[in-house]
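Enquirer: here is a sequence together with a model predicted from it:
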Amino acid sequence: MCGIVGYIGKKDAVSILLDSLKRLEYRGYDSAGIAYRNGKGIEIFKTKGKIEELQQILPDPLPATRIGIGHTRWATHGAPSTENSHPHCAGGVAVVHNGIIENFRTLKAQLLSEGCEFSSDTDTEVIPHMIARNLKLGTPLKAAIAETLSQLRGAFALGIMSETHPSTLFAVRKGSPLVIGVGEEEFFFASDIPALLPYSQEYVFLEDGQMCTLTPTGVELECLETKEPSSLRERIVKVDWTPAMAEKEGYDHFMLKEIYEQPRTVTDTFVEWIKDPQRLLDESGLTMDITVGLRRLQIVACGTSYHAALIGRYLIERLSRVFVDVDIASEYRYRRPIIEKGTLLISITQSGETADTLAAQREAKQRGAATLTICNVVGSTSSREADSVLYTRAGPEIGVASTKAFTAQITALTLFALALGIRRGKLTLKEANNFKSHLMEIPGMIREALKKDDEIRDLAATLVQTKDFLYLGRGINYPIALEGALKLKEVSYIHAEGYAAGEMKHGPIALIDKGLPVVVLAPKDDLFEKMTSNIEEVKARGGRAICVTDEPESLSQNVDNVVPIPPVHHLLSPFVSVIPLQLLAYHTAVLKGCDVDQPRNLAKSVTVE
Ligand code: AGP
């Protein structure tokens with residue numbers, strides 16, 4: 001994903017832009033650039049490569065300027081090159097862009113026929129040309145921008161500056177996230193909060209179709225279509241994240257840091273509700289009539305969040321006896337979902353910006369469902385569009401592979417299931433208190449599981465050349481088999497499949513070949529015997545059985561590797577069984593020399609469908 005930043009205020013813009021761009025490096029990029037005002041007009045410096053290379057081509061000392069925009073590019077249209085990097089400029093208008101202009105070829109052909117000269121292969125470059133053309137026709141700048149944007153199709157977040165307005169920046173959102181940072185007589189914009197954490201704790205999340213005009217004295221928000229102004233103050237959200245939370249703090253990778261943060265982030269997510277879980281229902285906006293009158297729950301999510309949703313189904317049905325449907329968000333809307341009275345749709349999304357999940361949430365809302373979102377980013381689109389919000393408290397998750405957000409999501413789902421069970425009279429107070437005490441032990445149990453890190457790294461070293469993995473789980477650990485396989489795939493690029501262990505005989509057992517590693521999740525619960533049968537099936541066919549269990553002594557001697565986990569309540573076993581799988585994926589990827597925090601082809605938040 002590209003990253004865009006902008007600054008206007010009293011300080012040195014260039015060093016702030018460079019620092020903010022560095023804080024967006026986790027998004028992955030192949031080139032970087034900035035544009036700023038100097039005495040005469042707009043100057044642009046941009047290059048293929050990293051921000052360090054951009055710094056080398058900048059003037060020394062840095063120019064004393066108070067306004068500028070910056071960009072880290074993740075190539076979509078046009079190969080990574082200096083010419084294709086942003087900002088793009090034409091007629092004294094400079095633009096940085098995150099997203100895709102779907103109709104740029106038609107627009108570019110028209111501009112070329114009018115004599116415009118292009119210096120890049122990008123979709124973005126049509127934007128400054130179109131704005132400059134409107135300016136030449138005498139259209140005022142804001143109208144020239146609005147008119148241009150009305151012709152663009154696709155998803156974009158833009159930062160714009162013009163030589164005609166030396167003390168003004170424009171920021172526009174349509175489909176790609178953009179946040180405004182509010183400082184003391186200084187204002188910022190960025191694709192994501194971590195870019196601005198050292199400079200502000202007050203943010204406004206732009207909505208689709210909103211344009212923001214930033215000057216040193218203030219910020220105006222308006223709807224591009226209706227020109228309707230919006231109050232900035234009313235939309236300010238305080239975010240209590242610190243800059244350190246978005247830095248590695250001594251870990252080699254964000255992914256490892258975030259794996260180790262889980263005892264705290266699980267605690268942070270349950271601590272405000274554990275005493276009186278029903279408060280969670282009221283304060284997240286779920287009124288009594290919605291929860292008591294609840295007939296059916298539909299949960300939608302993508303990727304790791306979908307696996308959390310599958311765990312949520314076990315918890316909610318077991319503790320509250322409400323029927324739960326779970327859908328991959330990108331499939332939900334195509335099956336023309338049936339929404340009856342008493343349906344609550346829950347979307348689960350770390351970023352709150354996943355296009356497929358937002359589309360599913362909007363579809364359900366349009367069909368009359370009440371909507372709740374379980375989300376990790378305050379003020380994100382999902383949290384603003386849902387009827388009610390239950391925030392996870394995982395802090396900024398920088399690693400593309402989701403880890404702490406996942407366990408925070410299942411914490412929120414556990415609390416939700418507990419609260420619903422109590423409210424609907426399916427749990428006695430004694431049962432609820434007993435379950436709560438098990439939940440409060442979980443952070444310590446995760447710490448115990450993390451102590452096996454070195455052993456798991458050694459295990460990874462024996463598997464790093466493997467081409468295929470199978471992960472097997474049953475019941476509430478079936479989604480953990482899916483999650484373990486996804487973690488390995490996305491950071492180490494090794495093919496892995498997660499399967500319901502009971503499905504083995506229906507096909508996958510044909511895969512078992514000599515030495516094929518099969519990770520078997522076998523906590524000592526009522527499914528343990530069945531899981532040990534799966535292990536025997538694997539061994540009988542020459543497979544390599546790697547067993548994650550809290551009862552190693554009950555396993556047969558011919559298991560190849562045992563990964564011990566601490567014993568926990570069977571409904572809470574995913575919290576500990578996922579830890580060794582996260583670590584196994586991490587260490588395998590590191591040993592393979594993969595880019596763990598920015599895996600190839602992946603983005604942290606998939607804001608396009
Ligand atoms: C998980 O490791 C992946 N990065 C990905 O599957 C992610 O969970 C998915 O894209 C959903 O993201 P969200 O939670 O921000 O909606």
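Expert: Ah, there it is.

Enquirer: adjacent strands (with direction) for the host helix or strand of Val563?
Expert: According to DSSP states H and E, Val563 maps onto strand 561-564. With DSSP bridges as the test, strand 561-564 is paired with strand 544-549 (parallel).

Enquirer: need the residues of this structure near the ligand, please.
Expert: Proximity of the chain to the ligand, by C-beta under 6 Å from any ligand atom, involves residues 302-305, 349-351, 354, 357, 400-402, 490, 605-606. All C-beta atoms are positioned from the backbone trio N, CA, C, and that covers glycine.

Enquirer: most neighbours, which of the residues you listed?
Expert: Neighbour tally across the residues of the chain next to the ligand (other C-beta atoms under 10 Å): the maximum, 32 neighbours, falls on Thr349.

Enquirer: in the stretch 251-400 of the chain, what residue lies closest to the ligand?
Expert: Closest contact between the stretch 251-400 of the chain and the ligand, by C-beta to the nearest ligand atom, is at Gly303 (1.8 Å).

Enquirer: shouldn't that residue be in contact with Leu486?
Expert: Yes - taking contacts as C-beta atoms under 8 Å, Gly303 lies within contact range of Leu486: 6.7 Å.

Enquirer: tell me who's in contact with the residue of the stretch 251-400 of the chain closest to the ligand.
Expert: 402, 486 (C-beta atoms under 8 Å, 6 or more residues apart in numbering).

Enquirer: and Lys136, how many neighbours?
Expert: 10.

Enquirer: again, but for the one 3 residues further on
Expert: Using other C-beta under 10 Å as the criterion, Thr139 is surrounded by 16 other residues.

Enquirer: can I assume it sits in a helix?
Expert: No - going by DSSP: H, G, I helix; E, B strand; the rest coil, the assignment for Thr139 is coil, not a helix.

Enquirer: mind telling me what element the residue nearest to it when sequence neighbours are not counted is part of?
Expert: Closest residue in space to Thr139, ignoring its immediate chain neighbours: Glu147 at 6.5 Å, by C-beta to C-beta, 6 or more residues apart in numbering. In the assignment (DSSP H and E), Glu147 maps to helix 141-150.

Enquirer: quick check: mean pLDDT across stretch 533-546?
Expert: Averaging pLDDT along stretch 533-546 yields 95.

Enquirer: mind checking how far Ser176 is from the ligand?
Expert: Using C-beta to the nearest ligand atom, to the nearest Å, Ser176 is found at 14 Å from the ligand.

Enquirer: can you give me every residue that contacts that residue?
Expert: Ser176 sits next to 98-99, 155-157, 191, 607 when contact means C-beta under 8 Å, 6+ apart.

Enquirer: 10 Å instead, please
Expert: With contacts defined as C-beta atoms under 10 Å, 6 or more residues apart in numbering, Ser176 is in contact with 1-2, 4, 97-100, 154-158, 191, 206, 208, 353, 355, 605, 607-608.

Enquirer: now do the shared contacts for Gly303 and Leu486.
Expert: Residues touching both Gly303 and Leu486 by C-beta under 10 Å, 6+ apart: 401-402, 406.

Enquirer: out of these, list just those in strands.
Expert: Members of the shared contacts of Gly303 and Leu486 lying in strands (criterion: DSSP state E): none.

Enquirer: next secondary structure element downstream of the least confident helix or strand in the chain by mean pLDDT?
Expert: In the chain, no helix or strand scores lower on mean pLDDT, DSSP states H and E than helix 288-292, which sits at a mean of 77. Next in sequence after helix 288-292, counting helices and strands by DSSP H and E, comes strand 296-301.

Enquirer: partner strands of that following strand and their direction?
Expert: If you go by DSSP bridges, strand 296-301 pairs up with strand 323-328 (parallel), strand 343-349 (parallel).

Enquirer: dump those into a markdown table; add mean pLDDT as well.
Expert: Output for the strands paired with strand 296-301, formatted as a markdown table (pLDDT from 0 to 100):
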| stretch | mean pLDDT |
| --- | --- |
| strand 323-328 | 97 |
| strand 343-349 | 96 |
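
Enquirer: just the ones you listed: most buried one?
Expert: strand 343-349 (a mean of 28; mean count of other C-beta atoms under 10 Å).

Enquirer: and stretch 99-109, how far apart are its ends?
Expert: Using C-alpha to C-alpha, to the nearest Å, the end-to-end distance of stretch 99-109 comes out at 20 Å.

Enquirer: what distance separates that stretch from the centre of its chain?
Expert: Computed by C-alpha atoms, centre = their mean, to the nearest Å, the chain-centroid distance of stretch 99-109 equals 27 Å.

Enquirer: any idea how far Ile494 is from the residue in the stretch 1-150 of the chain that the ligand sits nearest to?
Expert: The nearest approach of the stretch 1-150 of the chain to the ligand comes at Met1, 11.6 Å away (C-beta to the nearest ligand atom). Note on Met1: its distance to Ile494, by C-beta to C-beta, to the nearest Å, is 24 Å.

Enquirer: and the two? Which one has more around it.
Expert: Met1 (25 against 21).

Enquirer: distance of the more buried one from Ala157?
Expert: Going from Met1 to Ala157 by C-beta to C-beta gives 10 Å.

Enquirer: give the residues shared as contacts by those two.
Expert: Contact criterion C-beta under 10 Å, 6+ apart; residues shared by Met1 and Ala157: 98-99, 176-177, 191, 607.

Enquirer: contacts for the host helix or strand of Ala496, please.
Expert: Here Ala496 sits within strand 495-500, counting by DSSP H and E. With C-beta under 10 Å, 6+ apart as the contact definition, strand 495-500 has outside contacts at 307, 466-475, 477-490, 506-509, 511, 517-519, 521, 534, 581, 585, 588.

Enquirer: span of stretch 555-573 from start to end?
Expert: 18 Å.

Enquirer: please apply the same query to stretch 232-252.
Expert: Using C-alpha to C-alpha, one end of stretch 232-252 lies 39 Å from the other.

Enquirer: and the strand holding Ala496, which strands flank it?
Expert: Using DSSP bridges, strand 495-500 pairs in its sheet with strand 468-473 (parallel).

Enquirer: can you give me the offset of stretch 510-522 from its chain's centre?
Expert: Using C-alpha atoms, centre = their mean, the offset of stretch 510-522 from its chain centre is 31 Å.
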